[in-house]
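Visitor: what shape does this take:
(chains A and B)
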Amino acid sequence: MQFLDVETRRALHFDGIWARINPVSPLGRAKKRQAEAFLPHQVGELEDELCRLERATAGLRGDPGAADNLLYLLGSLVDLQTTLQRSQQGTTLDDTEFYEVKKLLIIAEKVATELERLKWAELLPHELDLCPDLRVLLSRGQGNRESFYLADAYDDNLAAVRQKRLAVEEHLAEYRSAAEAKVTASTGRILSMEGEIAVSRRDMEVITELEAIAELEKVQESAEAVTFRLKEDQQLREMRQHLGLLRAEEEACKERIKRDLTASVGTYAPRLLRILELLGLLDFLLAKARFCAEIKGVKPVLWADPVLKIEQGRDLTVEDEVVKAGLNYSPVSLRLQPGVTLISGPNMGGKTVSLKTVGLLTAMAQYGLLVPAVSFQLQPRSFIRAHLAGDGMVQGLSKFAREMLFLREAINHSQEAGLILIDELAHGTNPAEGAAVAQAVVERLLDQNAITVITTHFPSLARVSGICHYRVKGLNKEELRRKVDLLSSQGITVLQRLMDYRLEPAVPGDIGSDAVLVAEAIGLEPGIIARVKDLQRRETRG
Amino acid sequence: MFLAEILKNRFQSVAIIGMAKNTGKTYTFNQLVMEGRKLGLQLALTSIGLDGEERDSLYLHKKPRIMVYPGMITANAKALLVSSGLDYEVLGATGVGTPLGEVVLSRILSAGRTILAGPGSVQGLAAVKRRLEAMDVDLLLVDGAVDRRSFSASVVTDTAVLAVGAEVAWDRTLLLEKLRHYLAVLTLPGLTDPAVAQLCKEAPEDAKLMVLTADGCAYSVRSEEFFQQGGFLDRPEFKNAKLVYVKGMLTDAVLTKIWGSAARPASFTLAASDPTSVFLGPRSLAKLAAQGVALRVVDSLHLSAVTVNPFNSRYGYAEPVQLLQDVGRAVYPLPCFDLRLGLRYQPE
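Guide: Predicted structure coming up:
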């Protein structure tokens, strides 16, 4: 069973959280895309990852700019996997690709030095192999420059042919330069790229002067202008032909060197791929650390006890909204064990948020993140499934039908050490049948390995033997009475301020609800409220 | 020399833009390269996109190539660099992609010709320019492609040179009419108040208009609202507008919409982001001028010179000195050159 399915990711707003993790390199982004949750059998790897992340996060908390140099280096990384594969297949690489390989080695060295300086070497699962021999090979004849050039030092033949080519080019340039000096002296102008100069016929004096320059010949005469061009005698033409041959020979030499260099890069490819892998992991880790520092995350404690314990956990999405509204956010504290835990309490009491917090923190922990809580202990779960109330028709299925499909799958896997979160179990049908369905489901999930958390208003569930039950503390009624005059003008806000969202162990059998109070506070017609109270009294008496 | 004239203002980057194909843009570019070399400048060369011109108008040679010399730096697409046959040192990658591969910075180590294909966008060109600035380059020359992007290169560079040719129109009156319109748009003055310019730059992503009223209020009008009937333009607040900034393209249709507003203010300043986003025809410009509406841009362009090319692909060559006289007079006091003949327009 997949750890998190699409519905659960959406219900927990996990994708929104995940989107806040932004690696700076294509390799880091690839690592993020490939990231999967750590499952119960990977607890050792998860512990290592969380320790590394805790170390990086602590560093960033102490100095938010600590990783700036690393990020700059990682940000200039290029994904060379295709290049390296081509080198292994024997396809000759070009100069820009050798440059990229050399640059990778330079970046890797600088990253290693920076990690050393920050005393962060342990952030990498393995030491970076800097391939010094390849670095030397790709730097031959180039000093300490970070650029790449097929220098003379690669091959004596290249050096020799290049020298000849430069000598010919210099000779041709000198010839042009000498002629151009004469042209400039006469006209104050220079020759065009083609070695030409055109003069208006109105400027006969200049034309006469140019006619006197032996190195120039007339190539075009029109009614308006005369065009002169640099003359080329047989010797110059031969020299130009020779230059063409030398260039071809130089290219052939370079091709040979590039083939040899490609073979060397191909040999090193597995080690270079390992560098890319490690730098990608580092980038991803630092991206997570920046996020975790921002949310003030703590390292989850992984323990062998199947009990899941949250102290003051926060749902980041809801917390943002609450803070923006100028209200105080109430963190969630819970202790959950295999079997079923009920959360009951008044409407608007934050039951769903508590449920989501459990799921979100577990998902974050198992995706190798620090979590927004004072402390969080868990034994990694094999899956998380969440079903939230409030969604309408999806894919032609009613809410109730979808819930039943969800339950079928969850119950099938409830022997596994998963986490099942159900909001308002079976409330989408008639209350009598719904309560019966809910009770049967709870009884079925009670002695399973999965931890199941259910929010409900059904009193019958609170009476199921062996169930663990939390209740939202609810409205502060004393305070509400004092502020009754504010209700009409600031109804919901007053309720939000007076609601105590904290959870407390419930009195056995007491489901608790402030529905009438909430309805009254929101301003439902007084006649209806009176009638509700009347009906409640009759039911109590009857 | 032509370049020395341009460099008097200590510009460090020049875009060469053409009014149309065959206006001698590449000839102008190469001339600047040759002169820059002669002056001993550290030159960097790039283009905005790949020029689609097939043949050089002046010599009818095969596709003109840019001449490069040892020591020059190019920002060129990888495929063109590696197939150039030039000797070069790879200095760095830019992360700017083109259909011919990433734009790569290289130091040229042999003389020869190459085709340049630089960044295809203003943002890409700006990124390449930033990289080159860190390399002690004296002058960056940008070859503009002959389309709207050609103009956009000059948004990034310090100044531009406009290549004008008989190819634009063989009829001299028509040529000068088109030229005057081009110049009127290209040289639109910038907003004088930097705070207002900044406010325009910060207009919301989905805004089409930003309206500043005489009492200091700012309203942004979303594209959706702008194009619907009875929107902001008919509200009384619009009557008090002293500046209307049009985000994105300022077309005749947009102007008509503003003009047709029931609450149109009597006089106001109309602003666009830069000349490359102004697509108003000559009639619209005349109408604005007649109504006393000032047209401004947030980012103005600087034009250093105009070059002329007498070639027309249908009729042959126009009389070059006369063309220089006519164009020179139309663009004066901008310097105007016929680079092939080495002439500069001198006012009579």
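
Visitor: for the stretch 51-200 of chain B, what spans make up the strands?
Guide: Remark: strands of the stretch 51-200 of chain B, listed N- to C-terminal, are B:66-68, B:73-77, B:88-93, B:103-108, B:112-114, B:139-144, B:159-165; assignment by DSSP state E, counting those that start in this stretch.

Visitor: so what's residue 28 up against?
Guide: This is for chain A. With contacts defined as C-beta atoms under 8 Å, 6 or more residues apart in numbering or on different chains, the neighbours of residue A:28 are A:74, A:279-280, A:282-284, A:286-287. The way it works is simple: take the backbone N, C-alpha and C, and place the C-beta from them, glycine included.

Visitor: chain B is the one I meant
Guide: By C-beta under 8 Å, 6+ apart, the residues touching residue B:28 are B:16, B:161, B:163, B:307, B:339.

Visitor: hmm, back to that, what would the contacts of residue A:28 look like in a markdown table with distance to chain B and neighbour count?
Guide: What follows is those, written out as a markdown table (distance: C-beta to the nearest C-beta, whole Å; neighbours: other C-beta atoms under 10 Å in any protein chain shown):
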| residue | distance to chain B | neighbour count |
| --- | --- | --- |
| A:74 | 13 | 23 |
| A:279 | 16 | 24 |
| A:280 | 17 | 23 |
| A:282 | 20 | 28 |
| A:283 | 16 | 28 |
| A:284 | 20 | 24 |
| A:286 | 20 | 26 |
| A:287 | 19 | 24 |
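
Visitor: so which of those sit within helices?
Guide: When helices are assigned by DSSP state H, the members of the contacts of residue A:28 inside them are A:74, A:279-280, A:282-284, A:286-287.

Visitor: which bits of chain B sit near chain A?
Guide: By C-beta under 8 Å from any C-beta of the partner chain, the residues of chain B that approach chain A are B:1, B:27, B:30-31, B:33-35, B:38, B:59, B:67, B:78, B:81-82, B:85, B:87-93, B:102, B:104, B:107, B:109-111, B:317, B:319-321, B:340-343.

Visitor: just the buried residues out of the residues you listed, in ChimeraX syntax.
Guide: Provided next is the ChimeraX selection string for whichever of the residues of chain B next to chain A are buried by 16 or more other C-beta atoms under 10 Å in any protein chain shown:
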select /B:1,27,30,31,33,34,35,59,67,78,81,82,87,88,89,90,91,92,93,102,104,107,109,110,111,317,320,321,340,341,342,343
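
Visitor: any weak-confidence spans in the chain?
Guide: You didn't pick a chain, so chain A it is. For chain A, the stretches with pLDDT under 70 are A:390-397, A:481, A:483-491, A:509, A:511-513, A:542.

Visitor: actually chain B
Guide: Counting by pLDDT under 70, the low-confidence segments of chain B come to B:1, B:50-64, B:145-151, B:229-232.

Visitor: contacts only, for the residue lying farthest from the centre of it.
Guide: Distance from the C-alpha centroid of chain B peaks at residue B:236, with 37.8 Å (C-alpha atoms, centre = their mean). By C-beta under 8 Å, 6+ apart, the contact list for residue B:236 reads residue B:263.

Visitor: domain-wise, how is the chain divided?
Guide: In the absence of a named chain, chain A is used. Residue ranges for the structural domains of chain A, counted by automatic domain parsing, are given in the record as A:21-153+A:256-294, A:157-238, A:301-512.

Visitor: think we crossed wires, I meant chain B
Guide: Taking automatic domain parsing as the reference, chain B has its domains at B:2-187+B:301-344, B:194-297.

Visitor: nearest to residue A:326, of the ones you listed?
Guide: The stretch from the domains of chain B with the least distance to residue A:326 (C-beta to C-beta) is domain B:194-297; that distance is 24.9 Å.

Visitor: near chain B, which residues of the stretch 251-400 of chain A are found?
Guide: Residues of the stretch 251-400 of chain A found near chain B, taking C-beta under 8 Å from any C-beta as the criterion, are residue A:251.

Visitor: which residue does the stretch 251-400 of chain A have closest to chain B?
Guide: residue A:251 (6.6 Å; C-beta to the nearest C-beta).

Visitor: and the closest residue to chain B within the stretch 101-250 of chain A, what does it touch?
Guide: With distances taken as C-beta to the nearest C-beta, the stretch 101-250 of chain A approaches chain B most closely at residue A:149, which sits 3.9 Å away. If a contact means C-beta under 8 Å, 6+ apart, then residue A:149 has A:95, A:141-142, B:88-90, B:109 as its contacts.

Visitor: again, but for residue A:317
Guide: The contact partners of residue A:317, taken as C-beta under 8 Å, 6+ apart, are A:13, A:16-17.

Visitor: top of these by neighbour count?
Guide: Using other C-beta atoms under 10 Å in any protein chain shown as the contact criterion, the top neighbour count among those goes to residue A:17, which has 21 neighbours.

Visitor: off-centre distance for the helix or strand harbouring residue A:208?
Guide: Remark: residue A:208 resides in helix A:204-211, with elements defined by DSSP states H and E. A distance of 70 Å separates the C-alpha centroid of helix A:204-211 from that of its chain, computed with C-alpha atoms, centre = their mean, to the nearest Å.

Visitor: that helix and chain B, are they touching?
Guide: No: with C-beta under 8 Å from any C-beta as the criterion, chain B is not reached by helix A:204-211; the gap is at least 8.7 Å.

Visitor: now residue B:243, what's its secondary structure?
Guide: Local secondary structure at residue B:243 is given as strand here, using DSSP: H, G, I helix; E, B strand; the rest coil.

Visitor: re the thing from before, against chain A, how distant is the residue farthest from the centre of chain B?
Guide: Note on residue B:236: its distance to chain A, by C-beta to the nearest C-beta, to the nearest Å, is 32 Å.

Visitor: do you know how far that residue is from residue B:265?
Guide: According to C-beta to C-beta, to the nearest Å, residue B:236 stands 11 Å off from residue B:265.

Visitor: give me the number of residues near residue B:4?
Guide: A count of neighbours around residue B:4, defined by other C-beta under 10 Å, yields 11.

Visitor: an error on my part: the question was meant for residue B:65.
Guide: Neighbour count for residue B:65, taken as other C-beta under 10 Å: 17.

Visitor: my guess is it contacts residue B:113. True?
Guide: Yes: taking contacts as C-beta atoms under 8 Å, residue B:65 lies within contact range of residue B:113: 3.6 Å.

Visitor: within the helices and strands, which one has residue B:329?
Guide: For residue B:329, the enclosing helix or strand under DSSP H and E is helix B:320-331.

Visitor: which residues are in contact with that helix?
Guide: Applying C-beta under 8 Å, 6+ apart, the external contacts of helix B:320-331 come out as A:200, A:202, A:224-225, B:164, B:166, B:172, B:175-176, B:179-180, B:183, B:306, B:308, B:310, B:336-338, B:340-341, B:343, B:345-347.

Visitor: check contacts around residue A:426.
Guide: With contacts defined as C-beta under 8 Å, 6+ apart, residue A:426 is in contact with A:400, A:403, A:433-435, A:437-438, A:441, A:458.

Visitor: how about it, phi and psi?
Guide: Its backbone dihedrals place residue A:426 at phi 60, psi 30, with angles given as degrees, to the nearest 10.
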